[in-house]
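Enquirer: need coordinates for the below:
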Amino acid sequence: MTKAQKVKDKRLLIIFLTVFIDLVGFGIIIPMNPYLAETYGASPLQVGLLMSVYSLMQFIFSPIWGQWSDRIGRRPVILLSLLGAATAHLGFAFATGFWGLVLARAFAGLFGGNLSTAMAYMADITPEKERSKGMGMIGAAFGLGFILGPSLGGIFADLGQKIGPYPPFGQSFPAVVAAMICLANFIFAWRALPESRVGNSASPQQHLAQALRFQRIGQAFATPTLNVLMLLLFLNTFALAHVEATLFLYVQDTFHWTLSQASFGFAYIGVIMVITQGYLIRKFLPKLGERKVLIVGLLLSSLGFALCSWVVQVGVLALGVTLLGLGNGLANPSLNGSISLLSGKDVQGNNLGVSQSLSSMARILGPPTGGALYQQVGPWSPFAGAAAITFVGWVIAWSIRKRMPEGGRAH
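Expert: Numbers count the residues shown, from 1 in each chain. Coordinates of the predicted model:
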């Protein structure tokens, strides 16, 4: 192995660990949202709004973080995001009412630009043929974080209730643990994470033209094929966000699961994501390429959502969630890798920031829409709606398959 290869492998490992540790903290928080909100008297719609406020702030600030990472480097943006997340999680732990939870999640969203910056970091250090596999590593770190995070959340939720009933103990205690994990991650990244990019590679005129968020989105959508891929990213994320809050409400209302049980159930989704994005995606991409993997992923997701809408027992729900996890694990790296391949080096951070911003927009609209449907129509309706949305995405992906890049396919 050459010295250059050793340096690249070390950076891959460090960015993988940074994302993984960050997502452990994030994975602890997610199952807590509906349970704590309902404790403070929130309706399903309000639970959806709590889930979406993080993404609202992320939507506003993620392109800004992406732009700054193009100018001053990836490392300082990632460090600042980690420190902000630690502060936000601590505020979540000490919240004593619904609006305190909302404020803490809004602050977390403000500093939620590290995932898109990590993707830009990965794009900096991987050649085109390995780009989507690199994005798959990010997805695998995401999945591992969603195994360990909810599992720790379940353990510390039980421990917190033994310590005392009031915040920051009780069901709020896992957020204290999440804050400590993010602080430790900040220290680790400060010491170990090197910069992948030095200086300002984009001209002042480019940054002036990108000053407005919607103008940046418009610029990305002006690029043929890239615009359709970003639309697909939005639809896929919206469908998943549509059921995020309602899935926890469903297992709580139907099967009477506790926060600890729901957290361990959520960890199962992380297991599927790790298997798919850490192993299957690396096997399928060289053989099939981004376009076929994306098409298969969207179809599996649609089938998974549809099965969840018919759920009558835990076993059926598990099968639907398994298909959903497989499909999403195949589709997301293919979409993010394709977007990266169609972006010039000087706008990697910007375009991945825009794609993250569109994902955030989907997560803004998805949870309250799903919560309203759950409340007004029935528990099955958010899943049926997500199945229809994902199927529309599959039709679109099939129609543009010949225009998609194939950077991950072995020739």
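
Enquirer: pLDDT weak spots in the stretch 151-300 of the chain?
Expert: Scanning the stretch 151-300 of the chain for pLDDT under 70 picks out the ranges 198-214, 216.

Enquirer: what do you get for the stretch 1-150 of the chain?
Expert: Applying pLDDT under 70 to the stretch 1-150 of the chain flags the ranges 1-8.

Enquirer: now the helices for it?
Expert: All helices of the stretch 1-150 of the chain, identified by DSSP state H, counting those that start in this stretch, fall at 3-29, 32-39, 44-72, 74-94, 98-110, 114-125, 131-163.

Enquirer: Leu373 is nearest to which of those?
Expert: Leu373 sits nearest to helix 44-72 of all the helices of the stretch 1-150 of the chain, at 8.9 Å, using C-beta to C-beta. Where you see a C-beta, it was placed from the backbone N, CA and C, and this is true even at glycine.

Enquirer: quick one on the thing from earlier: make TSV from the helices of the stretch 1-150 of the chain and add mean neighbour count to it.
Expert: Converted to TSV, those look like this (neighbours: other C-beta atoms under 10 Å):
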stretch	mean neighbour count
helix 3-29	20
helix 32-39	22
helix 44-72	24
helix 74-94	22
helix 98-110	20
helix 114-125	27
helix 131-163	23
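
Enquirer: relative to Gly385, which of the ones you listed is closest?
Expert: Closest approach to Gly385 among the helices of the stretch 1-150 of the chain (C-beta to C-beta): helix 44-72, 13.1 Å.

Enquirer: got the angle for the closest one vs helix 3-29?
Expert: Inter-element angle recorded for helix 44-72 and helix 3-29: 160 degrees (by axes from the mean of the first three to the mean of the last three C-alpha atoms, to 10 degrees).

Enquirer: helix 44-72: how far from the chain's middle?
Expert: From the chain centre to the centre of helix 44-72 is a distance of 11 Å (C-alpha atoms, centre = their mean, to the nearest Å).

Enquirer: what's the angle from that helix to helix 98-110?
Expert: 30 degrees.

Enquirer: and helix 44-72, what other elements does it pack with?
Expert: Of the remaining helices and strands, those touching helix 44-72 by 3 or more C-beta pairs under 8 Å, 6 or more residues apart in numbering; DSSP states H and E are helix 32-39, helix 74-94, helix 98-110, helix 114-125, helix 204-209, helix 213-221, helix 226-255, helix 348-376.

Enquirer: and it with helix 74-94, angle?
Expert: 160 degrees.
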